[in-house]
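> Need a 3D model of the following:
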Amino acid sequence: MNRTTIKRNAISLSFILPCLIGFACFYLLPTVRGLFYSFTDWDLFSKAKFVGLKNYINLFKDHDFWIAMKVTILYVLLNIPLQTVLAMIIALIMNNASKGVGALRGIYLTPWIMSNVVVGLLWFWMLDPPVGIIDALLVKMGLQKINFLTDTKTALPSVAMINIWRHMGYTALLIFAGLQSVPKEIEEAAVIDGCTPVRKFFSVVLPYIRPVMVFVIITTVIGSFQVYDTIAVTTKGGPVAATYAIYLFIYKNGFEAYQMGYSSAASVVLFIILAFVSGLQMKLMNGNESDN
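Take a look at the predicted model:
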């Protein structure tokens, strides 16, 4: 290895070193510590006591844990399909717009720029039965009021709707970037061959942007499993555990019951589930290559 190569590598390392330090301090080290504490009995104040697999055994016997997993999976199934479809529609609108694309992007990204807490409070006030504007509009239209956040049947769909509203603009922007990379020659050739717009989309465009779609779906699934802020602000896990997601389970056991070892075990299980789901999606969808 000559001096030029060493110098080039040193310069490259200097650029990525801050990111590596941040990753090690804020991601890698907490992950390793969390894995260690998952095998201990620790209440945040006294010394951690090693208990082996006890936390994991108790976790899989815990009824509340399975309720939280069920609620989280239902939330993911409500959130991902609708968010992806709406984001795709928005992305296609932006891709086909001849003017005002910049303004559209700004409008669609506005909810995503706001914090989850602000969005949660905003919708909490709008969906509040006594004073909320949504119920007031329903009454004006001659319909009955709906207890969006206090009914077991509507609470989880309402939380999903709030997060779809917040994230679909950002998701649309990612898909829009993928659509911009589709060569116009391929689309024109499909039209010449007699493809209808629908056939062209499903047979040409969608396969071409498959890596982008895999990335979008994986990141949105991971984000959906990590839902916490909106629930904490709006429903606090209720009514009757209808929105008791896994992150709320982890928080309550760790910072309210002071069972940090038990909470860490739940976090490790969630990490394994997300890693498995992400790997499975990459495998089934061939996320590292497009059809074209």
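
> list the contacts for residue 187?
200, 204, 205 (CB atoms under 8 Å, 6 or more residues apart in numbering). Yep, even glycine has a C-beta here, placed from its N, CA and C like the rest.

> Let me know the closest of the residues you listed to residue 57.
When the contacts of residue 187 are compared for distance to residue 57 (CB to CB), residue 205 wins out at 49.3 Å.

> From residue 153, how far out is the nearest residue to the closest one once chain neighbours are set aside?
Excluding the flanking residues, the one nearest residue 205 by CB to CB, 6 or more residues apart in numbering is residue 182, at 5.6 Å. For residue 182, the distance to residue 153 equals 41 Å [CB to CB, to the nearest Å].

> for residue 166, same thing?
Distance from residue 166 to residue 153, by CB to CB: 22 Å.

> These two: which is more packed in?
Comparing residue 166 with residue 153 by other CB atoms under 10 Å, the one with more neighbours is residue 166, at 24 against 11.

> hmm, back to that, quick one: which helix or strand includes the residue nearest to residue 205?
Under DSSP states H and E, no helix or strand contains residue 182.

> measure it to residue 195 for me?
The separation that residue 182 has from residue 195, given CB to CB, amounts to 13 Å.

> who touches both of those two?
residue 204.

> neighbours around the residue lying closest to residue 230 once chain neighbours are set aside, how many?
Leaving aside its sequence neighbours, residue 230 sits nearest to residue 120 (CB to CB, 6+ apart; 4.5 Å). Neighbourhood size, residue 120 [other CB under 10 Å]: 22.

> would residue 120 count as being in a helix?
Yes. With DSSP: H, G, I helix; E, B strand; the rest coil as the criterion, residue 120 is part of a helix.

> contacts for the least confident helix or strand in the chain by mean pLDDT?
In the chain, the helix or strand scored least confidently by mean pLDDT, DSSP states H and E is helix 101-113, which has a mean of 80. Helix 101-113 has contacts (CB under 8 Å, 6+ apart) with 90, 93-94, 97, 119, 165-170, 172-173, 176.

> out of those residues, what pair is the most spread apart?
97 and 119 (25.9 Å).

> Give the burial count for residue 191, as a bare number.
13.

> Please identify which helix or strand holds it.
helix 184-192.

> residues of that helix that come out buried?
Neighbour-count burial for helix 184-192, counted by 16 or more other CB atoms under 10 Å, picks out 187, 190.

> State the mean pLDDT of it.
Average pLDDT, helix 184-192: 86.

> chain center to it, what's the gap?
Mean-position distance between helix 184-192 and its chain equals 34 Å (CA atoms, centre = their mean, to the nearest Å).

> Check stretch 179-197 too.
32 Å.

> Give me the secondary structure label for residue 80.
Put simply, residue 80 is helix when judged by three-state DSSP.

> need the contact list for it.
By CB under 8 Å, 6+ apart, the contact list for residue 80 reads 217, 220, 221, 224.

> how much space between it and residue 225?
Residue 80 is 10 Å from residue 225, by CB to CB.

> In the stretch 1-150 of the chain, where is pLDDT below threshold?
The model of the stretch 1-150 of the chain has pLDDT under 70 over residues 1, 98, 100-101.

> what's the helix or strand for the closest residue to residue 78 other than its chain neighbours?
Closest residue in space to residue 78, ignoring its immediate chain neighbours: residue 160 at 4.1 Å, by CB to CB, 6+ apart. Using DSSP H and E, residue 160 maps to helix 155-180.

> can you tell me the average pLDDT over that helix?
Mean predicted confidence for helix 155-180 is 93.

> Give the buried residues for it.
Neighbour-count burial for helix 155-180 flags 155-176, 178-179 (criterion: 16+ other CB under 10 Å).

> That helix - contacts with which helices or strands?
helix 63-96, helix 101-113, helix 116-126, helix 210-225, helix 229-234 (3 or more CB pairs under 8 Å, 6 or more residues apart in numbering; DSSP states H and E).

> The last one packs against which elements?
On a contact count with 3+ CB pairs under 8 Å, 6+ apart, helix 229-234 meets helix 116-126, helix 155-180, helix 246-251.

> Tell me which of these sits nearest to residue 65.
helix 246-251 (6.3 Å).

> The helix or strand just after that closest one - contacts with which helices or strands?
Of the helices and strands lying after helix 246-251 in sequence (DSSP H and E), the nearest is helix 260-285. Where contact means 3+ CB pairs under 8 Å, 6+ apart, helix 260-285 is packed against helix 29-37, helix 54-61, helix 210-225, helix 246-251.

> quick one, what contacts the most centrally placed residue in the chain?
The centroid of the chain falls nearest to residue 223 when counting by CA atoms, centre = their mean (1.9 Å). Residues counted as contacts of residue 223 (CB under 8 Å, 6+ apart) are residue 167.
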